[in-house]
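**Q** coordinates for the following, if possible.
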Amino acid sequence: MKKKGKPVKKSQVEVNHLILPHETTPRGYVLGGIVMQMVDMAGAIAAHRHSRRMVVTASMDRIDFLHPIKVGHLMILKASVNYVSRTSMEIGVKVFSENILTGRQQHTASAYLTFVALDDNGMPTPAPKLISKTREERRRSRKAQMRRRARLREIKAKRR
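**A** Presented below is the predicted three-dimensional model:
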């Protein structure tokens, strides 16, 4: 019997963005807010592709800026669905910088975002199950489930 759902590969996203002077600090490094905006956009595209629905960002886990991205370099964002519950999806986004003259790439940031699929009335609606085919995809799914449980515990604790 064929498994219902969508494989991870069907919704993976790669976004390339050239960093221009108006997106940088006076020292020539991209603004953190620009990176966060692009992370949200790449994540949303992956969530749209997976659910084929409108989506809303429900949360973004912490983002650590590991290395700066310079003006004139490419910012490369790779987004992938890690886990799907009923209506929500965890998307992992990795950010890289690339020196366009040398081709050298460097991992600059990572984040996990949760998106919720919406129906035509703007209400949460079920998203397709995720089919994890590779060992790495299954590992990422297990880790995402652990993060989801932690997020739900944190939300529950805040409501008390």
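
**Q** show me what contacts N16?
**A** 74-76 (C-beta atoms under 8 Å, 6 or more residues apart in numbering). C-betas here are computed from N, CA, C, even on glycine.

**Q** which helices and strands does the longest strand belonging to the chain pack with?
**A** Secondary structure assigned by DSSP state E gives strand 105-118 as the longest strand of the chain. In terms of contacts (3 or more C-beta pairs under 8 Å, 6 or more residues apart in numbering; DSSP states H and E), strand 105-118 is packed against helix 32-51, strand 54-60, strand 64-65, strand 74-84, strand 88-98, helix 135-159.

**Q** buried sites along that strand?
**A** Buried residues in strand 105-118, counted by 16 or more other C-beta atoms under 10 Å: 108-118.

**Q** returning to that earlier point: relative to T125, which of the helices and strands packed on strand 105-118 is closest?
**A** helix 32-51 (8.2 Å; C-beta to C-beta).

**Q** name the surrounding residues that touch the closest one.
**A** Everything outside helix 32-51 that qualifies as a contact, by C-beta under 8 Å, 6+ apart, is 6, 10-13, 15, 17, 19, 23, 54-55, 57, 60, 63, 65, 69, 75, 77-81, 84, 89, 91, 93, 95, 108-109, 111, 113, 115, 117, 127-128, 130.

**Q** in the chain, where is pLDDT below threshold?
**A** Across the chain, the ranges flagged by pLDDT under 70 are 1-3.

**Q** most neighbours, which of the contacts of N16?
**A** Of all the contacts of N16, M75 has the most neighbours under the rule other C-beta atoms under 10 Å, reaching 23 neighbours.

**Q** how far away is the nearest residue to K129 once chain neighbours are set aside from S51?
**A** In space, not counting the residues next to it along the chain, K129 is nearest to G5; the distance is 3.3 Å by C-beta to C-beta, 6 or more residues apart in numbering. The span separating G5 from S51 equals 11 Å under the rule C-beta to C-beta, to the nearest Å.
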